[in-house]
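# Pasted the sequence and its predicted model underneath.
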Amino acid sequence: MADSTYPMPGSLAEAPRQRWSQAAILEWLHSWVTTVDHKKLGILYMLYSIFFLLVGGVEAILIRIQLMQPNLHFISPQVFNRLFTMHGTTMVFLVGMTYIFGFANYLIPLMIGARDMAFPRLNALSFWLTFFGGLLLYYSFIGGGGLYGQGNAPDVGWWAYAPLTSRAFTPGHSTDYWALSLIVTGFGTIGASVNVVATALCMRCKGMTLMRLPLFVWLNVVTSALALITITPLTAAQIMLLIDRYLGGHFFDTQAGGSAVVWAHFFWIFGHPEVYVLVLPAFAIANEVIPVFSRKAIFGYPAMAAASVAIAFVSLGVWAHHMFTIGMTSVGNAFFVLSTMLVGIPTGIKIFNWIATMWGGKIRFATPMLFCTGFLVQFLLAGLTGIMLSVAPWDWQLHNSYFVIAHFHYVLVGGIVFCIFAGIYYWYPKVTGRMLSETLGKWHFWLFVIGFHITFDLMHIPGLLGMPRSIYTYEANRGWGTLNMIISIGGLIQAVAVLVFAVNLVWSYFKGKEAGNDPWDAWTLEWAAASPPPAYNFATDPVVTSRRPLWDLKHPEDPDWKYE
């Protein structure tokens, strides 16, 4: 590819130093609050996600301290239920749903050679809706009791099964804040999803066909399409819940002809595809990191793209495996057993392709690759326990036990959080112009992986021994005490690891090694821009002729890397 067809943007001019007067600070804050730049909005999404990751982590540590020993009363049962609810809601909706659009907002226009998202103002609106949704949820700590009542957070679990959400069971307004916050963040998700799909399909640079799209973009398009389908039943359920609570509706009131099972169906029609909404962007990060650090092109690009679409399609028909114990017919149980097992096929294709990419490669175990390697092992184990739980008789024994909690966290933490860390270490140089410390990064990885396995490997055992999820405390003669002590210690080790990560982020921003435009010798278009990229991304629109335009430009003599 000739240089004339692939313009490289110039470096950013050095801005003159300004004294940080009050006016300058206000102007700087105003520029972030009113921005429609996709890069700034991506950073805001990520800061929001990291902040609530810390908040949700503190809530998890408090839960684990309470369960460290039998008959412990570190916190009250009421506070435990509120922490349980807020931890789950925070991690799924305020961490998981926001990291998706943080990475997508920042990277997709750069990867496809565009100057911004398709709808910049909608992009800003989507973020601020999500932002205020999170504030609404946490305002319940103050306003949940109503005008004259004592404030409290919702205590209905992140799934909020009816009739626990009725006015009789949950007086006050804490549940209302929970429902309203999810409605508001849901509209933010819809706006962001529309933007991602429109940008990827309509804003690509010359030569960027669909089969030349980076897999990161492919998977985010699939994720956004899936989010558009699944967020609507959740929003409908929240509206019906508020109608029940304030307008005399009886959608979920079993004593007035309603059905609590309707809530379960509506919630899990969202809730299980939501797992794939969260994990497909994690796959997207792995698809970029693993080839670069293996020094090999991704194995089976068409199969990876097709498997992503297949996962999204099949995931829409598996929701009721959360409801095997609810009293469905044998035909219904059999259908959801088979559909749940079926989703393992395209997922297995992905794992095979990642391993095949690494096989025979010149692997460099920098921190991003360490986290992706941990992700591969842990997601495989999570998939195996998921297949176990897809078998209805097995699920009948272990439903609502700590075995399910262990499986769920193996997916969310062992899969998604590990990939989030990999993505941050990989793209932090592009965003800030500085490298994160490899020494601190490896401390972060090894502490986190050790703490993770101490916690979630052992958590399967009390589940097999009959320990229920959501339990506040337990008797000493149950035989769970020692295991819970070790599990909680593993959680504290993970907290130390996240603290190391936070120190690394801040220290490297000011003192980190300068990164340059392409510190990893990568090949997608974002690494052609300056670090950090200018407001316009590219001075002139790039032109690409393969899936790896940067590699072809830097290594035209290497025929082993040519493919179409």
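The structure has been received and is ready for your questions.
# and stretch 207-221, how far apart are its ends?
One end of stretch 207-221 sits 19 Å from the other (CA to CA, to the nearest Å).
# So what touches it?
With contacts defined as CB atoms under 8 Å, 6 or more residues apart in numbering, stretch 207-221 is touched by 100, 103-104, 107-108, 111-113, 196-197, 200-201, 204, 280-281, 283-285, 287-288, 298, 301-302, 304-305, 308, 524, 543-547. The C-beta positions use only the backbone N, C-alpha and C, and glycine is treated the same way.
# Residue 454 versus residue 473, what's the distance?
Distance check for residue 473 against residue 454: by CB to CB, to the nearest Å, it reads 22 Å.
# coming back round to it: generate a ChimeraX selection restricted to the buried subset of the contacts of stretch 207-221.
A single ChimeraX command is used to select the members of the contacts of stretch 207-221 judged buried by 16 or more other CB atoms under 10 Å:
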select :100,103,104,107,108,111,112,113,196,197,200,204,280,281,283,284,285,287,288,298,301,304,305,308,524,543,544,545,546,547
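# Return the set of buried residues in the helix ranked longest in the chain.
Criterion DSSP state H: the longest helix present in the chain is helix 260-294. Residues of helix 260-294 classed as buried by neighbour count (16+ other CB under 10 Å): 260-261, 263-294.
# Have a look at residue 473 and residue 454 and say which one is more surrounded.
More neighbours surround residue 454 than the other of residue 473 and residue 454, with 19 against 14 (other CB atoms under 10 Å).
# Report the spatially nearest residue to the more buried one, omitting neighbours in sequence.
residue 490 (3.0 Å; CB to CB, 6 or more residues apart in numbering).
# Now do the buried residues in the helix or strand containing residue 506.
Element membership for residue 506, per DSSP states H and E: helix 481-511. If you call a residue buried by 16+ other CB under 10 Å, then helix 481-511 has these buried ones: 481, 483-484, 486-488, 490-495, 497-498, 500-501, 504-505, 508.
# tell me which strands and helices it is in contact with?
helix 38-66, helix 418-432, helix 438-464 (3 or more CB pairs under 8 Å, 6 or more residues apart in numbering; DSSP states H and E).
# Highest mean neighbour count across these, which stretch is it?
Compared across the helices and strands packed on helix 481-511, helix 418-432 shows the largest average neighbour count, a mean of 24 (mean count of other CB atoms under 10 Å).
# So which residues of the stretch 301-450 of the chain form helices?
Remark: helices assigned in the stretch 301-450 of the chain by DSSP state H, counting those that start in this stretch are 301-315, 330-342, 344-358, 367-390, 392-398, 402-411, 418-432, 438-464.
# quick one: the last one to chain centroid distance?
When you say that, I think you mean helix 438-464. In terms of CA atoms, centre = their mean, to the nearest Å, the centre of helix 438-464 is found 18 Å from the chain centre.
# same for it, what does it pack against?
Counting by 3+ CB pairs under 8 Å, 6+ apart, helix 438-464 packs on helix 367-390, helix 402-411, helix 418-432, helix 481-511.
# Find the least confident helix or strand in this structure, judged by mean pLDDT.
Lowest mean confidence among the helices and strands of the chain (mean pLDDT, DSSP states H and E): helix 549-554, at a mean of 82.
# Going by neighbour count, which residues of it are buried?
Result for helix 549-554 [16+ other CB under 10 Å]: buried residues 549-553.
# likewise stretch 210-226?
Those would be 212-226, for stretch 210-226 by 16+ other CB under 10 Å.
# what about residue 226, which helix or strand?
Per DSSP H and E: residue 226 is located in helix 215-246.
# State the mean pLDDT of that helix.
Throughout helix 215-246, pLDDT has a mean value of 96.
# Now do that helix and helix 260-294, the angle between them.
Here helix 215-246 runs at an angle of 160 degrees relative to helix 260-294 (axes from the mean of the first three to the mean of the last three CA atoms, to 10 degrees).
# what's the distance between residue 554 and residue 519?
13 Å.
# so where's the stretch 1-150 of the chain shaky on pLDDT?
In the predicted model, the stretch 1-150 of the chain carries pLDDT under 70 at residues 1-20, 146-150.
# residue ranges for the helices of it, please.
22-33, 38-66, 77-89, 97-111, 120-143.
# Just put the ones you listed in TSV and tack on distance to residue 411.
Shown next, in TSV, are the helices of the stretch 1-150 of the chain (distance: least, CB to CB, whole Å):
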stretch	distance to residue 411
helix 22-33	33
helix 38-66	16
helix 77-89	14
helix 97-111	15
helix 120-143	23
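# I'd like to know which of those helices is closest to residue 442.
Relative to residue 442, the nearest member of these by CB to CB is helix 38-66, separated by 19.8 Å.
# what about that closest one, distance to the chain center?
Distance of helix 38-66 from its chain centroid, counting by CA atoms, centre = their mean, is 11 Å.
# report the angle between the axes of that helix and helix 120-143?
Counting by the same axes, to 10 degrees, helix 38-66 lies at 30 degrees to helix 120-143.
# And helix 38-66, what does it pack against?
Applying 3+ CB pairs under 8 Å, 6+ apart, one finds that helix 38-66 contacts helix 77-89, helix 97-111, helix 120-143, helix 418-432, helix 481-511.
# who's in contact with the residue positioned nearest the centre of the chain?
Nearest residue to the geometric centre of the chain (CA atoms, centre = their mean): residue 96, 3.0 Å. Residue 96 makes contacts with 277-278, 412, 416, as judged by CB under 8 Å, 6+ apart.
# what do you get for residue 88?
157-159.
# so which of the residues you listed would you say is closest to residue 132?
The closest of the contacts of residue 88, once distances to residue 132 are taken by CB to CB, is residue 158, at 19.6 Å.
# can you confirm that closest one is in a strand?
No - assigned with DSSP: H, G, I helix; E, B strand; the rest coil, residue 158 falls outside any strand and is coil.
# For residue 474, see how far away the closest residue to it other than its chain neighbours is.
Distances taken as CB to CB, 6+ apart place residue 88 nearest to residue 158, at 3.0 Å, with adjacent residues excluded. From residue 88 across to residue 474, the span is 20 Å (CB to CB).
# cool, residue 331 as well?
38 Å.
# higher neighbour count, those two?
Remark: of residue 331 and residue 474, residue 474 carries more neighbours, 19 against 8, as counted by other CB under 10 Å.
# shouldn't that one be in contact with residue 69?
No - the pair residue 474 / residue 69 is not scored as a contact, 9.5 Å apart, by CB atoms under 8 Å.
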